[in-house]
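**Q** need a 3D model of the following:
(one chain, ligands or ions: 2)
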Amino acid sequence: MNPIKIIIAGPRGRMGREAVNLVTNTEHFELTAVLDHKFDGMMLSDLEGFQSIANVPIYTDIDICLQKIEADVLIDLTTPEAGPHHVRTALNYNVRPVVGTTGFSKEELQEFEELCKQKELGCIIAPNFAIGAVLMMKFSQLAAKYFQDVEIVEMHHDKKLDAPSGTAVKTAEMIAAVREAKKQGHPNEKETIQGARGAEYDGMHIHSVRLPGLIAHQQVMFGSDGQSLTIRHDSFNRASFMSGVKVAVETVMKHNGFVYGLENILD
Ligand SMILES: NC(=O)C1=CN([C@@H]2O[C@H](COP(=O)(O)OP(=O)(O)OC[C@H]3O[C@@H](n4cnc5c(N)ncnc54)[C@H](O)[C@@H]3O)[C@@H](O)[C@H]2O)C=CC1
Ligand SMILES: O=C(O)C1=N[C@H](C(=O)O)C[C@H](O)C1
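**A** Numbering: from 1, shown residues only. Ligands and ions are numbered 1, 2, ... in the order given. From the prediction side, this is the model:
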């Protein structure tokens, strides 16, 4: 079997480093290039922490990279600014995106779904690759059938660019799909400090905590008369996301079409 040829965008990032590790240590994966916004023309092995990784060129221009380098899959772990351009360009070069980057707009997701259809290619966008987080979202969706009142509290490290987190947005979307719509809290409630009640999605509230020392955590709190239910997931390191990245790369090679959320490809 030929190895799956992979380009990683964002290799020096917290997630990118784990992904380089995953790809270079998986027998049926091959890292053919990386995309960065610096170090064009250098080799990955020239950079600190990557000395043992041979023959992987660095590109800063995705078009040039995809014209020169053979690839089946692009793993994107960058930023809400860079990610959409990478996904669009990869699909246009018939390369299948696996995307962990969060903060994409609804319009961008729709555009990629359409592009996948046109190109008959697979693309997997997963706001969270950790299996525990996927279960937390599924369990929350189940609970929301019975509890109408819910507050989502997501907690992340203070280097995170987007708020609310992609996981919190996906959780709210999954809950909204089954929950009878309800505007929560007191009908006359008034914020005396703006933002006190968090962001609102379909009547539920999302709160974003940012603190150094945290990695990625979320609790979904349900309440009804005389009882509450809290469903919580914690990622204590970024290796926790990598089994999901591996499954996504393997799956995107077999299935055409657009997938938003790892829950759609897990048995
Ligand atoms: N889906 C999931 O399970 C997870 C998703 N994430 C998401 O992944 C993304 C990356 O997260 P982190 O690694 O923590 O961030 P990071 O800030 O550590 O890494 C981002 C990397 O992207 C690079 N970059 C920026 N612009 C670029 C461009 N134009 N071309 C190529 N590289 C570029 C930066 O140099 C940096 O190394 C974020 O959107 C985050 O929300 C993070 C953890 C888990
Ligand atoms: O930026 C992060 O760190 C994370 N981002 C993803 C998100 O926005 O949900 C996944 C995980 O929470 C870590």
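**Q** which residues in the stretch 1-150 of the chain form helices?
**A** With helices called from DSSP state H, counting those that start in this stretch, the stretch 1-150 of the chain shows them at 14-24, 62-68, 82-92, 106-119, 131-144.
**Q** for those helices, give me TSV that also has mean pLDDT.
**A** Rendered in TSV, the data for the helices of the stretch 1-150 of the chain read as follows (pLDDT from 0 to 100):
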stretch	mean pLDDT
helix 14-24	98
helix 62-68	98
helix 82-92	98
helix 106-119	98
helix 131-144	98
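**Q** what's near enough to touch residue 28?
**A** 1, 3-4 (Cβ atoms under 8 Å, 6 or more residues apart in numbering). For glycine as for every other residue, the C-beta is placed from the backbone atoms N, C-alpha and C.
**Q** rewinding a little: okay if I get the helices of the stretch 1-150 of the chain as JSON lines plus mean neighbour count?
**A** Listed next are these as JSON lines, based on neighbours: other Cβ atoms under 10 Å:
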{"stretch": "helix 14-24", "mean neighbour count": "21"}
{"stretch": "helix 62-68", "mean neighbour count": "16"}
{"stretch": "helix 82-92", "mean neighbour count": "21"}
{"stretch": "helix 106-119", "mean neighbour count": "14"}
{"stretch": "helix 131-144", "mean neighbour count": "19"}
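**Q** mind putting those into JSON lines with distance to residue 266?
**A** Below are the helices of the stretch 1-150 of the chain laid out as JSON lines (distance: least, Cβ to Cβ, whole Å):
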{"stretch": "helix 14-24", "distance to residue 266": "18"}
{"stretch": "helix 62-68", "distance to residue 266": "29"}
{"stretch": "helix 82-92", "distance to residue 266": "22"}
{"stretch": "helix 106-119", "distance to residue 266": "19"}
{"stretch": "helix 131-144", "distance to residue 266": "7"}
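**Q** if we can go back for a sec, ok, so of the contacts of residue 28, who is nearest ligand 1?
**A** Nearest to ligand 1 among the contacts of residue 28 is residue 4, at 19.0 Å by Cβ to the nearest ligand atom.
**Q** show the buried residues in the contacts of residue 28.
**A** residue 4 (16 or more other Cβ atoms under 10 Å).
**Q** so which one among the contacts of residue 28 has the lowest pLDDT?
**A** Of all those, residue 1 has the smallest pLDDT value, namely 82.
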